[in-house]
Every structure is written in structure tokens, then in C-alpha cells.
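Undergrad: missing the sequence, but the structure's below:
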């Protein structure tokens, strides 16, 4: 499964089903299942943004953690209108001058599956993939960093 590292609180907002747009400065031909990894870096400036506060950002939520996969979504499409200077209807989470990755079907994990992230789209180790599959099946997860 492909994985995308996203800073908190954005990873949390995606995992909890609040944010269906991920803003990127690059495009991809990939479509399909995508694991959302909460990177070790936090976007501190965003913690006070109205969208984040209205979504109910809770730093005590297990999915507000950093350094692990927190959800699985489907990358349904990518809107490039804003990147080319045009208007689009991608909603309040969409930022100007970005590719808007349209996400759907967020499945939050009960607990993050800890692993080190990477830039771009990346694949997990077999151990992390097994722990992720176990988490998605509702079984307890015991994976460490992979």
C-alpha cells in the first residue's frame, strides 16, 4: 500500500474524517488506497486555525500522535485547477496554488502503527504492512518502528 506522510494536525483531521482535501505542490498518477502517516514534524501555525479548531482538534486523541500511520483513505482524484490559477470547488480545506488531493472513505486506526516516514509516496516495510493489516482488521497491534 502507498503511504503519504502528513504533518499534524492535518493527519488527525484526515483520520477523523474532517479533511477530505490534502494540499500538495506535486501531482501523482496514483489513485487508490493510501495510508496516512503522521510525520514527526507538526505544523504549529495551523493548531490555531479556525478549521482545525472547529473540527475539534484534541492533542490527547491517540491519532494526534506523530510518527505513525493513523488512517487509510482512498485517493479518488486530484484537482489541479488551483495550481494553474483557476478557481475550484474543493472546499474550505483547499489552499490556493496547490494540487488538491481528493480523499474519501477515511478509516481511522484504533492506535497509530508506528513507523518512520519518507517524503513523497512510499511503501511500508513488510512488518509495518502486517501491523497495518492487523489494525484494519480490528485486532490489537504490536508493531514497533519499521
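TA: That came through, no problem. The structure presented is a predicted model; accordingly, all values stated were derived computationally and were not measured.
Undergrad: pull the longest helix from the chain.
TA: helix 126-136 (DSSP state H).
Undergrad: okay, buried residues for it please.
TA: Within helix 126-136, the residues that count as buried by 16 or more other C-beta atoms under 10 Å are 128-129, 131-132, 135-136. The C-beta positions use only the backbone N, C-alpha and C, and glycine is treated the same way.
Undergrad: now it, how far from the chain's geometric center?
TA: Offset of helix 126-136 from its chain centre (C-alpha atoms, centre = their mean, to the nearest Å): 17 Å.
Undergrad: repeat that for stretch 89-96.
TA: Distance, centroid of stretch 89-96 to centroid of chain: 16 Å (C-alpha atoms, centre = their mean).
Undergrad: start to end distance for that stretch?
TA: 11 Å (C-alpha to C-alpha, to the nearest Å).
Undergrad: residues of that stretch that come out buried?
TA: 90, 93-94.
Undergrad: over to stretch 68-84?
TA: Applying 16+ other C-beta under 10 Å to stretch 68-84 flags 68-73, 75, 78-79, 82-83 as buried.
Undergrad: looking at these, which gets the smallest pLDDT?
TA: Looking at these by pLDDT, the weakest one is residue 83, with 86.
Undergrad: that one falls within a helix, correct?
TA: Yes - per DSSP: H, G, I helix; E, B strand; the rest coil, residue 83 lies within a helix segment.
Undergrad: what secondary structure does the most centrally placed residue in the chain sit in?
TA: Geometric centre of the chain, nearest residue: residue 36, 3.6 Å, by C-alpha atoms, centre = their mean. What three-state DSSP gives for residue 36 is strand.
Undergrad: the closest residue to it other than its chain neighbours and residue 16, how far apart?
TA: Spatial nearest neighbour of residue 36, excluding adjacent residues (C-beta to C-beta, 6 or more residues apart in numbering): residue 71 at 4.5 Å. Residue 71 is 8 Å from residue 16, where distance means C-beta to C-beta, to the nearest Å.
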